[in-house]
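> mind looking at a prediction? Sequence and model below.
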Amino acid sequence: MTLHLGNGHTVDSKNVVAVMDIEKASTSKITREYLASAGKAGRVITCSYELPKSFVVSLDSDLTERVYILGIAAETVRKRIRDINNIR
């Protein structure tokens, strides 16, 4: 099922690898390096003009990772995924 991320960006909820709180995750050096590397490779997509609150890592149809920066909380995204996939 399709997960709407904002600003016209959608992904298949089955292809979501990670949903992370950007503030908590960016305290890790490894995560900061990962995000920087993804940005340099052109794999980061900003889905909101608001203050970033979370990011989603997803695989495209060709198994390329994409990082979507969102202006909504990670828990909200997780709830949407659970609702889409009927997970309780």
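Sure, I can see it.
> quick check: end-to-end length of stretch 49-66?
When the termini of stretch 49-66 are compared using Cα to Cα, to the nearest Å, they are 18 Å apart.
> from now on call the first residue 126
Understood, numbering begins at 126; the last thing we discussed is stretch 174-191.
> got the buried residues for that stretch?
With burial defined by 16 or more other Cβ atoms under 10 Å, the residues of stretch 174-191 counted as buried are 178-183, 191. No exception for glycine: its C-beta is placed from N, CA and C like everyone else's.
> how about these in CSV, adding pLDDT?
Listed next are those as CSV, based on pLDDT from 0 to 100:
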residue, pLDDT
Lys178, 96
Ser179, 97
Phe180, 97
Val181, 98
Val182, 98
Ser183, 97
Arg191, 97
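> can you redo the residues you listed as CSV with distance to Met145?
Shown next, in CSV, are these (distance: Cβ to Cβ, whole Å):
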residue, distance to Met145
Lys178, 10
Ser179, 6
Phe180, 5
Val181, 8
Val182, 8
Ser183, 12
Arg191, 14
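> which of those residues fall within strands?
Among those, the members falling in strands (DSSP state E) are 179-183, 191.
> of all those residues, which comes closest to Lys165?
Within those, proximity to Lys165 (Cβ to Cβ) peaks at Arg191, which comes in at 14.1 Å.
> pretty sure the closest one is touching Cys172, no?
No: Arg191 is beyond contact range of Cys172, at 10.7 Å (criterion: Cβ atoms under 8 Å).
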